[in-house]
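Asks: Predicted coordinates and the sequence they were generated for:
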Amino acid sequence: MPDPASAVQAGDGEATGRMSRPSGRRRWVVCALLFLAITINYIDRQIIGVLKPVLSDHFGWSEIDYGNIVFWFQAAYAVGLLTVGRLLDAVGTRIGLAVSVAVWSVAAMAHGAAGAVSQFAMARFALGLGEAGGYPAAIKAVSEWFPKRERALAAGILNAGANLGAVATPILAPLIVLAFGWRAAFVVTGTLGLIWLLVWWMTYRRPADDPRLEVAERAWIESDPIDPPGRTSWRELIRRRHAWAFILAKFLTDPVWWLFLFWLPDFFAKTYGLNLLTFGPALVVVYLLADAGSIGGGWMSSRLIERGWSVDRARKGTLLVCALCVMPLSLAIFAENLFAAVAVIGLAAAAHQGWSANLFTLVSDVFPRRDVATVVGMGGFAGAVGGMFIAKLAGWTLETTGSYVPLLLMASVAYLVGLGVIQLLAPERAAMRVG
């Protein structure tokens, strides 16, 4: 008897394969908007990590103080992700992402008025609530605007916005701080989101409601099988093995990215004596490599599908390559020079982003469009909870041992463990579409 998963996946590929790619590019305009949203999201998120040495000296923060500030961002992000997916599926992508960006932009600007650990923690909490809507809304938009065979590439491109944000922050923040002070850095970066919001509101519509979408491109977007009617209950979704595969994989691997985002500037400062004015190039290289990994990971699985691989096999094969590329990360602390450390960390960052692009796309491969944001929110909640643990663990580890070795060792094996969990809960023979 044929594998139902293979039948579904083959059917999807054949349906799309009979059509030629349309000349219209409206879907890529939407992808560009999502890319910019994630870029701004990460600028607002990462700036506190870049300014950590300055703020720690100014306010006398301990490692535990900084860990607590990061913890409250993670806590709010977790709470937001647990609820925002369902709200996005109810109100739609256009409204949902607009509200999310408005909240996080105002919260980002509020950091400029903070003067104590508790005030920074409150501003980070509000930022976390707002930013919780970013990825669920973006992945939902991708599922609405792209057929299955293009989704990993689209997800990889928008996910590359995280790396552009991470590249831009260590360049922009020092310039603003030197010219106007650290408070202005939060205000200026927060304003970027409000500017983006105006463009989004004037531009974005669902494919069915967009008058500028050509007929051929709409047919291409809608070439996958039609989702069954109705909505799946939250209780039903949480019982799905595929949902748990995504949730646990996010819990295991997201903390590694949070470690990069909030502690990498500190790692370079303490290990190689860099500071606000000198660690920028190292961070830029790491996140440029991460950009390449994000797009390359999305391209790789899409290319394998075009060559005849099943959707499930292509996604998991790419996840395996990414997991193996993270393993050398534990050697970064023993690197003989900054160049070698940047190379090892950059490879791991690239692998994480390739992993992330395909992990997100697994959700839209399996679940109906109407449930995508909800499931992504569930996984994001788990990843943020993992981030809460890494915030506390990193603060405690660095305060008591002063060493990054235990943290990097755990990070180096997290992805292989995550892939094992995915394969255990969602083997290929069970990877049929949920509906």
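Replies: Thanks, I have the structure now.
Asks: contacting residues for residue 56?
Replies: With contact set as C-beta atoms under 8 Å, 6 or more residues apart in numbering, residue 56 has these partners: residue 66. No exception for glycine: its C-beta is placed from N, CA and C like everyone else's.
Asks: got a pLDDT number for it?
Replies: At residue 56, the predicted lDDT confidence score is 90.
Asks: Where does it sit, in terms of helix or strand?
Replies: Element membership of residue 56 [criterion: DSSP states H and E] is helix 52-59.
Asks: Heading C-terminal from that helix, find the next helix or strand.
Replies: Tracing the chain C-terminally past helix 52-59 and defining elements by DSSP H and E, one meets helix 63-91 next.
Asks: what angle do the first helix or strand past that following helix going along the chain and helix 63-91 make?
Replies: Counting by DSSP H and E, the element after helix 63-91 in chain order, helix or strand, is helix 93-110. Between the axis of helix 93-110 and that of helix 63-91 there is an angle of 160 degrees, by axes from the mean of the first three to the mean of the last three C-alpha atoms, to 10 degrees.
Asks: tell me which residues in helix 93-110 are buried?
Replies: Of the residues in helix 93-110, 93-94, 96-101, 103-110 count as buried by neighbour count, 16 or more other C-beta atoms under 10 Å.
Asks: Averaged pLDDT, that helix. What do you get?
Replies: Mean per-residue pLDDT for helix 93-110: 95.
Asks: and it, what other elements does it pack with?
Replies: The elements that helix 93-110 packs onto, with contact taken as 3 or more C-beta pairs under 8 Å, 6 or more residues apart in numbering; DSSP states H and E, are helix 26-50, helix 63-91, helix 117-131, helix 134-145, helix 182-203.
Asks: picking that back up, which one of the buried residues of helix 93-110 is nearest to residue 217?
Replies: Compare each of the buried residues of helix 93-110 with residue 217 using C-beta to C-beta and the shortest gap goes to residue 93, at 18.0 Å.
Asks: With adjacent residues omitted, what lies nearest to the closest one?
Replies: Ranked by C-beta to C-beta, 6 or more residues apart in numbering and with sequence neighbours excluded, the top spatial neighbour of residue 93 is residue 141, at 4.8 Å.
Asks: and the one you found, how many neighbours?
Replies: Burial measure for residue 141: 28 neighbouring residues, criterion other C-beta atoms under 10 Å.
Asks: so what's it up against?
Replies: Listed by C-beta under 8 Å, 6+ apart, the contact partners of residue 141 are 30, 34, 93, 97, 204.
Asks: Can you add distance to residue 363 and give the residues you listed back as JSON lines?
Replies: Compiled in JSON lines, these are given as follows (distance: C-beta to C-beta, whole Å):
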{"residue": "30", "distance to residue 363": "18"}
{"residue": "34", "distance to residue 363": "16"}
{"residue": "93", "distance to residue 363": "15"}
{"residue": "97", "distance to residue 363": "17"}
{"residue": "204", "distance to residue 363": "21"}
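Asks: Quick one: the helices in the stretch 151-300 of the chain, in order.
Replies: 182-203, 215-221, 234-238, 241-272, 280-306 (DSSP state H, counting those that start in this stretch).
Asks: is it possible to export these to JSON lines including distance to residue 382, mean pLDDT and mean neighbour count?
Replies: Formatted as JSON lines, the helices of the stretch 151-300 of the chain follow (distance: least, C-beta to C-beta, whole Å; pLDDT from 0 to 100; neighbours: other C-beta atoms under 10 Å):
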{"stretch": "helix 182-203", "distance to residue 382": "26", "mean pLDDT": "95", "mean neighbour count": "18"}
{"stretch": "helix 215-221", "distance to residue 382": "30", "mean pLDDT": "87", "mean neighbour count": "16"}
{"stretch": "helix 234-238", "distance to residue 382": "11", "mean pLDDT": "82", "mean neighbour count": "13"}
{"stretch": "helix 241-272", "distance to residue 382": "4", "mean pLDDT": "90", "mean neighbour count": "22"}
{"stretch": "helix 280-306", "distance to residue 382": "21", "mean pLDDT": "88", "mean neighbour count": "23"}
